[in-house]
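K.L.:
here you go, sequence then predicted model.
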Amino acid sequence: MVYPQRNKHRQCIDLSGFWDFRFDFKNEGLTENWEKGLVGSRPIAVPASWNEIFAEGRDFLGPAWYQTEFNIPWGWENQKIFLRFGSINYLSDVWLNGEKLGEHEGGHLPFKFDITERCKVEKNKLIVRVDGNLLKEHVPPSGRTMNYPDTNFDFYPYCGIQRPVLLYAIPKEGINDITVITTIEGTTGLVKVLLEKNGVKGKEANAILTGYGIQIESRISLDATTEIFLNVENAKLWSPEYPNLYDLKVELLDNGIVFDEYSLSVGIRTIEVKGTQLLLNGKPIFLKGCAKHEDFPVVGKGYLPALITKDYDLLRWIGANSFRTSHYPYSEQMMDMADRLGFLIIDETPAVGLTFSKDIIDRHLDLCQRYIKELIERDKNHPSVIMWSLANEPSRSIAAKDFFRAMYDTARNIDSTRPITLVSMVGASERAFEFLEVICLNRYYGWYTQSGQIDEGCKLLSNELDKINSKYKKPLILSEFGTDTLAGCHSEQPEMWSEEYQVEFIKNYLEVLKSKDYVVGAHIWNMCDFKTSQSIIRAKGLNHKGVFTRDRKPKMAAHFLRKLWHKT
Ligand code: GCB
């Protein structure tokens, strides 16, 4: 379903702000009926992760309760009204005026409830119980590690309402969804718009594409089709160098009168795999950049617009053109900005640290198929999204191939236009690479192994890449490589943990990658230092592989990349 927006026919209110909050340390909220109203609460910011805000909740993963009140504005009487949660980690139970609206599992993806028949004009009491406890049946799952909290992945399992909560109204029988697919023929951009509407009202639809001095309009009868075609001659294509975006407005008409409309940006571009190359608009591209995390002091994984603009500015500053949304979908606003600024995104599901144990594999597959479906439905119209990543670093298992085949088929059925990949860890020979279009590998030779010996590490890397290439002959991206680096730690000879070692490691790795024509991307791990569980390899509870510190200050490696990537 399209993202809520405000226009002549649609309304949207962001409920972000200060909500009431209470930890449920003894897990007594349900038996004591806290859903009727919270007592003894205190204010908390929404969106934000609670772990960064209240000291006693730092490692408490839930349950915790949120409450707010809202009124319905005038003019919404004949509309459909929804509540939409951008991301809550991990389990949510939602009540409105004491009545249960529903439940949701999984962080980082949106969910909504139709509250048309359930809301009052004034003083609606919205209560949400959030439980972020780690369990092996969840995705991502808990681990069997010595880490605290015990994650099967390497980032802090922040909990709470982490993205905006929207209250919005749409016409009762209006537009439900729009899918835009672009192709190119010669110098003409072909824009196909697929329309999905609610109900039977409306006999006609109209699409208007504007930008770069043109306006193209196409009107269809909805009795005959729901597809609208727009041909843009001399199209200004979308690319990292020229992130050209057209404005598309889709209208629904009843007896010639518009009763709903929706606008979105359209980037005309193609993405395809040919042999060992990745082609954007028919030309080979190379992905330069870093993998990232949504992570910042005080907000944790909470949506922070200033951080989004800062991170893009820093990525530009080092000359990057790409990143991966490791290891879960990022906010919608992050994706919008990538369209505007011209970044190429590998869009990843929250399936990190999968183990394929027999007792949970079916449940995990159900969840992962839902995740990839919801991710594609959410992000399908972004020109910046050039690839779907099914998962990061699943463990070695013969069950993995069938698992990913099922996930792949789900994705392929919904989106036939983008390559699909999976990110593999050292030592795992992913048999799924047989059917995936792009190979992504994470490698740390010269850090976790061959420690202190960058040359040795690079030899191993080079040999392994050639071996994998001769087996699969597909485009390959080194999706992670890096070293933990303490800002301010220096050594004359590159030594582990020093800024010099990080520069030397990245420099040598990039040289190996440049020498292989089947390598189409290099993503350094990581853009910034980020919070993890506590463990003996994570000083200060941080992964220090950032080329920037957690507060976004450049290490020597960021300066090195800036020089290198602005030249190439
Ligand atoms: C990896 C993981 C990433 C970790 C990284 C590391 O392979 O994909 O989540 O943070 O290694 O630094 O160990």
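P.N.:
In hand now; what should we look at? Numbering: from 1, shown residues only.
K.L.:
okay, now the closest residue to residue 154 other than its chain neighbours: neighbour count?
P.N.:
Leaving aside its sequence neighbours, residue 154 sits nearest to residue 532 (Cβ to Cβ, 6 or more residues apart in numbering; 5.5 Å). All C-beta spots, glycine's among them, are computed from the backbone N, C-alpha and C. For residue 532, the neighbour count with other Cβ atoms under 10 Å is 23.
K.L.:
renumber starting at 140 from here on
P.N.:
Taking 140 as the first residue, the last one we looked at is residue 671.
K.L.:
what about residue 671, distance to residue 270?
P.N.:
According to Cβ to Cβ, to the nearest Å, residue 671 and residue 270 sit 21 Å apart.
K.L.:
ok so, going back, if I look at the residue nearest to residue 293, how far off is residue 469?
P.N.:
Remark: distance between residue 671 and residue 469 (Cβ to Cβ) = 18 Å.
K.L.:
swap in residue 274?
P.N.:
The spacing between residue 274 and residue 469, counted by Cβ to Cβ, is 24 Å.
K.L.:
same check on residue 278?
P.N.:
Between residue 278 and residue 469 the distance is 17 Å, computed by Cβ to Cβ.
K.L.:
then residue 526?
P.N.:
On the measure of Cβ to Cβ, residue 526 and residue 469 end up 14 Å apart.
K.L.:
check residue 580 too.
P.N.:
To residue 469, residue 580 is 22 Å away according to Cβ to Cβ.
K.L.:
same thing with residue 277?
P.N.:
Distance of residue 277 to residue 469, computed by Cβ to Cβ: 20 Å.
K.L.:
of those two, who's got more company?
P.N.:
residue 469 (26 against 22).
K.L.:
mind checking the SS state of whichever residue of the stretch 340-489 of the chain sits closest to the ligand?
P.N.:
Going by Cβ to the nearest ligand atom, the ligand is nearest to residue 466 of the stretch 340-489 of the chain, at 6.0 Å. The three-state assignment at residue 466 reads coil, by DSSP: H, G, I helix; E, B strand; the rest coil.
K.L.:
cool, residue 571 as well?
P.N.:
The three-state label given to residue 571 by three-state DSSP is helix.
K.L.:
count of residues packed around the residue nearest to it when sequence neighbours are not counted?
P.N.:
Spatial nearest neighbour of residue 571, excluding adjacent residues (Cβ to Cβ, 6+ apart): residue 543 at 4.0 Å. When neighbours are counted by other Cβ under 10 Å, residue 543 registers 26.
K.L.:
roughly how far apart are residue 543 and the ligand?
P.N.:
From residue 543 over to the ligand the distance is 17 Å, taken as Cβ to the nearest ligand atom, to the nearest Å.
K.L.:
OK, contacts around the residue nearest in space to the middle of the chain?
P.N.:
In the chain, the centroid-proximal residue (Cα atoms, centre = their mean) is residue 468; its distance is 2.0 Å. Neighbour list for residue 468: 247-248, 486-489, 514, 517-518 [criterion: Cβ atoms under 8 Å, 6 or more residues apart in numbering].
K.L.:
mind listing what the residue in the chain that the ligand sits nearest to touches?
P.N.:
Minimum separation of the chain from the ligand (Cβ to the nearest ligand atom) falls at residue 293, amounting to 3.5 Å. Residue 293 is in contact with 671-672, 682, counting by Cβ under 8 Å, 6+ apart.
K.L.:
which ones among those map onto strands?
P.N.:
Applying DSSP state E to the contacts of residue 293, the entries found in strands are residue 682.
K.L.:
export the contacts of residue 293 as a markdown table, with columns for distance to the ligand and pLDDT.
P.N.:
Formatted as a markdown table, the contacts of residue 293 follow (distance: Cβ to the nearest ligand atom, whole Å; pLDDT from 0 to 100):
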| residue | distance to the ligand | pLDDT |
| --- | --- | --- |
| 671 | 7 | 98 |
| 672 | 11 | 97 |
| 682 | 5 | 98 |
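K.L.:
nearest to residue 165, of the contacts of residue 293?
P.N.:
In terms of Cβ to Cβ, no member of the contacts of residue 293 lies closer to residue 165 than residue 672, at 23.8 Å.
K.L.:
what about the closest one, how many neighbours?
P.N.:
When neighbours are defined as other Cβ under 10 Å, residue 672 has 21 of them.
K.L.:
wait, what's in contact with it?
P.N.:
Residue 672 sits next to 284, 286-290, 293, 295-296, 680 when contact means Cβ under 8 Å, 6+ apart.
K.L.:
of these, buried ones?
P.N.:
286, 288, 290, 293, 295-296 (16 or more other Cβ atoms under 10 Å).
K.L.:
just the residues you listed now: which is nearest residue 150?
P.N.:
residue 296 (35.0 Å).
K.L.:
and the closest one, how far from residue 536?
P.N.:
Distance, residue 296 to residue 536, by Cβ to Cβ: 23 Å.
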